[in-house]
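Chemist: show me the folded form of this:
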Amino acid sequence: MTASLTPARELAALARTPFPGASPAYEAARRELLAEEIEFRRHMTRLVAQRQALPPGPVIDKDYRFKDREGRDLGLADLFGDKSTLVTYFWMYGPERERPCPMCTNWLGAVEGNGADISQRVSLRILGRSPVERQYAFATERGWRDLTFVQTVGDDYAADLGLLTPQGEFPALTVYQRDADGRVRLFWASEMTDKMADPGQDPRDAPDIASLWSILDLTPDGRGTDWYPKLSY
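Modeler: Okay, here's the model as predicted:
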């Protein structure tokens, strides 16, 4: 039985503006916004439960091959290690790129800060088409220590995920699950393509898992429409 929830507006009324001197207009607008934020939090909670309740996904039968830092030839199942869940991020750092994608780099930099913690719960692997030595060289340059990079051998993996186009390569966040019998299944993959973006917006997931944009969304000017992170400033 689901517990009844207190209406969001009632909860919002309990808030206290941290500094004195707020106008009645600010107080009223902030309470309305807070009620919406509470509803949004509740919607995210329902969304997470819906994702976790997905039925078993398709079995991955194709023998994709990967290469790790030690030069070992690995299959997708090997990337799980001792975990039953594998979180992968395919980043835009193919051999044709002189430098990695700044957006991928920004996202990975934020994930690096939680890499050791994430790896306590699931296997986390960063996949790229460049030689694994090249990927680690860039990681060393950035000071990353808690991300594990793996090279995709051949382009089948990226091509089958639809990440290679005449315009270039695209990133992908994909989660796999390993059954008790050792079979690897797709659990969830980011599927919000550019065709699903709303007018005037870049394609992005919901919730937006990039901390850069989440922080900027808290500010008066927001994320803007013509600014993107760079590899250096």
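Chemist: distance check, the residue positioned nearest the centre of the chain against residue 153.
Modeler: By Cα atoms, centre = their mean, the mean C-alpha position of the chain lies nearest to residue 209, the distance being 5.0 Å. Separation of residue 209 from residue 153 (Cβ to Cβ, to the nearest Å): 28 Å. C-betas here are computed from N, CA, C, even on glycine.
Chemist: could you do residue 200 as well?
Modeler: Using Cβ to Cβ, residue 200 is found at 40 Å from residue 153.
Chemist: which one of the two has more residues nearby?
Modeler: A count of neighbours by other Cβ atoms under 10 Å puts residue 153 above the other of residue 200 and residue 153, at 15 against 6.
Chemist: quick check: residue 5 vs residue 115, distance?
Modeler: From residue 5 to residue 115 the distance is 35 Å (Cβ to Cβ).
Chemist: who has more neighbours out of those two?
Modeler: Per other Cβ under 10 Å, whichever of residue 5 and residue 115 has more neighbours is residue 115, with 16 against 11.
Chemist: quick check: closest non-adjacent residue to the more buried one.
Modeler: Nearest residue to residue 115 in three dimensions, chain neighbours excluded: residue 146, at 3.0 Å (Cβ to Cβ, 6 or more residues apart in numbering).
Chemist: which outside residues touch stretch 217-233?
Modeler: Here stretch 217-233 makes contact (Cβ atoms under 8 Å, 6 or more residues apart in numbering) with 99-100, 102-103, 105-106, 200, 208, 212-213, 216.
Chemist: please enumerate the helices of the protein.
Modeler: With helices called from DSSP state H, the chain shows them at 8-12, 24-52, 102-112, 115-121, 132-142, 156-160, 211-216.
Chemist: nearest to residue 94, out of those?
Modeler: With distances scored as Cβ to Cβ, the stretch of the helices of the chain nearest to residue 94 is helix 156-160 (8.2 Å).
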